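# Predicted model and sequence follow; I will ask about them next.
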Amino acid sequence: MTKVGIIGMGFIGQQHFQTWAEVEGAQVIAVADKQVEKVAASADAVGGNVGEAEALDLSGVERYTDAEDMLSAGGFDVVDICLPTSVHCMMTKKVAEAGFHAICEKPMALSVDECDEMIAAMGKADKMLFMAHCIRFWPEYEVLAGMVKSGDLGRVVSMKLTRLSPSPFWSQDGWLNDASKSGGALLDLHVHDADFILSVMGMPPAVFSRGGHMAPDGPKVDQVMTNYLYGDVPVFAEGGWAMPPDYPFEMAYEVLGEKGCLKFSTCDDPALMFYPVEGEPYSPECRATTGYLQELEYFTKCIAEGTQPQRVTAFDAREAVRLVLAEKESIETGKPVEL
């Protein structure tokens, strides 16, 4: 049995807590959050961008208001870090020093240097560091990655990814809307699609990005549109969290290959469709679950088998940060940035 401690019980911490209950061979035994109400026996739910959620029953786990107290008490195999991005590096190093494996929410950190510090600390401790880039594990994105790899799409002709959300008002003390803590929409939200593009296309030679912001003179990037310059293959991603309050959260893609077009949108029904050049359109089969469950199942298996994660490595997550920061530079300079 893989025993788990979670640090940070906001939206993503609650998502992970509920998801761990579905993972065979794993059990959450401890949680920590500096806000007392977040670790109450019955904790109010943080709905985030998934809508209404039920209160959490935390009565069966050890509950702490100090993460270091939880680390000192121990009793678990892995620590699930669900904290603001600005403290990912610091907390990962503390987990390494305490001698536990770590799962860390995306994005890995606010800088490439911090990513390198995290990798070095976990390597020195001889412990695994798994970065929770859940989109690599989301069933519909697994279908896309599989069809690209198998050749079922044929040569990729074009790729477009979209991720749009209202403002993340639910974050504790508004940290998500503070770019100094989250990296803003560019690093916190858009990084999902940047990382997925990396996973199927590799690092692009260069990027050219434009950013939009709701405040006329504000430096914060609320919306980003990026061209990933892969030579003859146009690859494009749009992301942002400046949509009106009632706008539905949407993640989507449209990928055209020589053999057909694969289209996915959380706003469509059916959400996933393949339109072949020859034959009738159909909805490819995929597991009816979330990337949250599949990523935690995967890392639990890695721990049980003593094998380092390969589907997403810590270095992969570092490269996703490097890519998005290049997009930020492109926005600031108005020029393409080479990688």
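Yep, that arrived. Residues are numbered from 1 along each chain as shown.
# can you give me the strands in the stretch 1-150 of the chain?
2-7, 26-32, 42-43, 56-57, 62-64, 78-81, 101-105, 129-132 (DSSP state E, counting those that start in this stretch).
# from the chain's centre, how far out does the helix or strand harbouring Asp193 sit?
Per DSSP states H and E, Asp193 falls inside helix 191-201. Relative to its chain's centre, helix 191-201 lies at 11 Å (CA atoms, centre = their mean, to the nearest Å).
# Could you do stretch 268-283 as well?
In terms of CA atoms, centre = their mean, the centre of stretch 268-283 is set 27 Å apart from its chain centre.
# Could you export that stretch as PDB, CA atoms only?
C-alpha atoms of stretch 268-283 as PDB (Å, rounded to 0.1, in the frame of the first residue of the first chain):
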ATOM      1  CA  ASP A 268     -19.200  19.500 -27.800                       C
ATOM      2  CA  ASP A 269     -21.400  16.400 -27.600                       C
ATOM      3  CA  PRO A 270     -19.800  14.000 -28.400                       C
ATOM      4  CA  ALA A 271     -16.700  15.700 -27.200                       C
ATOM      5  CA  LEU A 272     -14.300  13.600 -29.300                       C
ATOM      6  CA  MET A 273     -14.800  12.900 -33.000                       C
ATOM      7  CA  PHE A 274     -12.600  11.600 -35.900                       C
ATOM      8  CA  TYR A 275     -13.400  12.700 -39.400                       C
ATOM      9  CA  PRO A 276     -11.500  10.300 -41.800                       C
ATOM     10  CA  VAL A 277     -10.700  11.200 -45.300                       C
ATOM     11  CA  GLU A 278     -12.300   7.900 -46.300                       C
ATOM     12  CA  GLY A 279     -15.200   6.400 -44.400                       C
ATOM     13  CA  GLU A 280     -17.700   7.700 -41.800                       C
ATOM     14  CA  PRO A 281     -17.000   9.900 -38.900                       C
ATOM     15  CA  TYR A 282     -16.800   8.200 -35.500                       C
ATOM     16  CA  SER A 283     -16.100   8.900 -31.800                       C
END
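# Show me what it is in contact with.
140, 143, 147, 252, 258-265, 284, 286 (CB atoms under 8 Å, 6 or more residues apart in numbering). Backbone N, C-alpha and C define where each C-beta goes, glycine included.
# Try it again at 6 Å.
With CB atoms under 6 Å, 6 or more residues apart in numbering as the test, stretch 268-283 has contacts from Glu140, Lys259, Gly260, Cys261, Leu262, Lys263, Phe264, Pro284.
# coming back round to it: contacting residues around the helix holding Asp193?
107, 133, 135-136, 141, 145, 148, 161, 163, 228, 237, 239, 320, 323-324.
# could you list every residue that touches Gln15?
Neighbours of Gln15 in contact, by CB under 6 Å, 6+ apart: Tyr292.
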